[in-house]
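[1] fold the following and give me the result.
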Amino acid sequence: MNKKFAFTIKSICFDENYNPSESTRITTNFANLARGEKRQENLRNTLVMIDNRFNSLAHWDNPNGDRYGVELEIITAQLNIDIDGKADAFPVIEILKTNIIDKKTNERIDGIVGNNFSSYVRDFDFSVLLPAHNKNKDQFTLPDNFGELHGNIFKQFINSDTYKNSFNKTPVICLSVSSKNVYYRTGNEHPVLGIEYQQDALSLTDEYFAKMGLHARYFMPKDSVAPLAFYFAGDLLSDYTNLELISTISTMETFQKIYRPEIYNANSAAGKCYQPSLNFQDYSLTRIVYDREERSHLAIEQGKFTEENFIKPYQTLLEQWSASSVL
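    Purely as a prediction, here's the structure:
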């Protein structure tokens, strides 16, 4: 890696006492939960939901449904920039690490790193660059090289010694399926991930994550009502253990039930042919307060912050860095 750039990692526990730091991207799902009068109740209820879902999926040798607990760490990757003796730093990526507590054996087991994915640069790409590019245009198009800088930053981070010294496996990012696509059941069923779906076309998110070196498969776990999108670099079914996969499902399905209840807390399950919709009315709310409208406004604010503090000051250098395949 170019000596002007280096990654460092910061970690903070996500528990009922969690308070977002000033550098945390506040459109992140878990940061949103930790704000307002009900912040501690929100966090406590979220963690209970995660543990309950984990135990329902890890049901073997677990007669009382309480053998396991999940602990979460928020991992922030910071890009440190040193130019002509002037040092600067910018939090480029925020992901979530799961840790599994086996109360029967008193073991602490590594889960999966990734899960939730947040990025200031993605906020810039989708909330600033893309709208500006398509302003006053009749047909939607993508800017040249859209997502390449972001993708190269991510790939360089995953290939860095900083990442490899901290984590044993590559990330799995678990997101909502796209409301613009139709998903079809296949005949494939995994014992943990559940029923596999395939989509009719690539989404913009799929294309964006492909620039990060990740591709997707879609599974609806047992007792879920909609498939989840799993983005990964290797082999999702053989690279990770059942408990690792369960830690991701239980964590991210919980966040999606809170964030997108119309899809993931619907009162009926996806059929053989399924198109998600945020306009679906037959769903239940969790007891957890979440301001989705505020989140969309914050994405724009943070995209502009990224433009002023990261893209504009270092644009030429970053473009050279990205284009030279140093990343």
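[2] ranges for the strands of the stretch 51-200 of the chain?
    Per DSSP state E, counting those that start in this stretch, the stretch 51-200 of the chain carries strands over the ranges 68-83, 86-102, 107-118, 172-176, 183-190, 194-199.
[3] parallel or antiparallel, which strands does the third one pair with?
    Using DSSP bridges, the strands paired with strand 107-118 are strand 86-102 (antiparallel), strand 172-176 (parallel).
[4] next, the angle strand 68-83 makes with it.
    Interaxial angle of strand 107-118 relative to strand 68-83 (axes from the mean of the first three to the mean of the last three C-alpha atoms, to 10 degrees): 50 degrees.
[5] equivalent analysis for the fourth one, please.
    Strand 172-176 and strand 68-83 meet at an angle of 100 degrees, taking the same axes, to 10 degrees as the criterion.
[6] quick check: mean pLDDT across strand 172-176?
    On average, the pLDDT along strand 172-176 is 96.
[7] now do that strand: everything it contacts.
    95, 112-117, 205, 209, 214, 228-232, 236, 240, 248-249, 251-252, 256, 259-260, 263-264, 276 (C-beta atoms under 8 Å, 6 or more residues apart in numbering). From N, CA and C alone the C-beta is placed, and that goes for glycine too.
[8] mind listing which of those are in strands?
    Residues of the contacts of strand 172-176 located in strands (DSSP state E): 95, 112, 113, 114, 115, 116, 117, 228, 229, 230, 231, 232.
[9] can you list those residues in CSV and add pLDDT, distance to residue 297 and neighbour count?
    Below are those laid out as CSV (pLDDT from 0 to 100; distance: C-beta to C-beta, whole Å; neighbours: other C-beta atoms under 10 Å):
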residue, pLDDT, distance to residue 297, neighbour count
95, 93, 23, 25
112, 97, 31, 31
113, 97, 29, 23
114, 95, 26, 26
115, 94, 24, 25
116, 92, 20, 20
117, 91, 20, 21
228, 97, 26, 25
229, 97, 25, 23
230, 98, 29, 24
231, 98, 26, 23
232, 97, 31, 23
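[10] and which of those residues is nearest residue 61?
    Nearest to residue 61 among those: residue 112, at 21.2 Å, using C-beta to C-beta.
[11] and the closest one, what is it in contact with?
    Contacts for residue 112 (C-beta under 8 Å, 6+ apart) come out as 97, 98, 169, 171, 172, 240, 244, 245, 247, 248.
[12] would you map the helices across this structure?
    Counting by DSSP state H, the chain has helices at residues 29-33, 39-57, 120-124, 130-134, 148-159, 161-164, 204-210, 236-239, 242-259, 261-264, 292-306, 312-323.
[13] for residue 105, which of those helices is the nearest?
    Nearest to residue 105, of all the helices of the chain, is helix 242-259, at 12.0 Å by C-beta to C-beta.
[14] just checking, what packs against that closest one?
    Judged by 3 or more C-beta pairs under 8 Å, 6 or more residues apart in numbering; DSSP states H and E, helix 242-259 is in contact with helix 29-33, helix 39-57, strand 68-83, strand 86-102, strand 107-118, strand 172-176, strand 228-232, helix 261-264.
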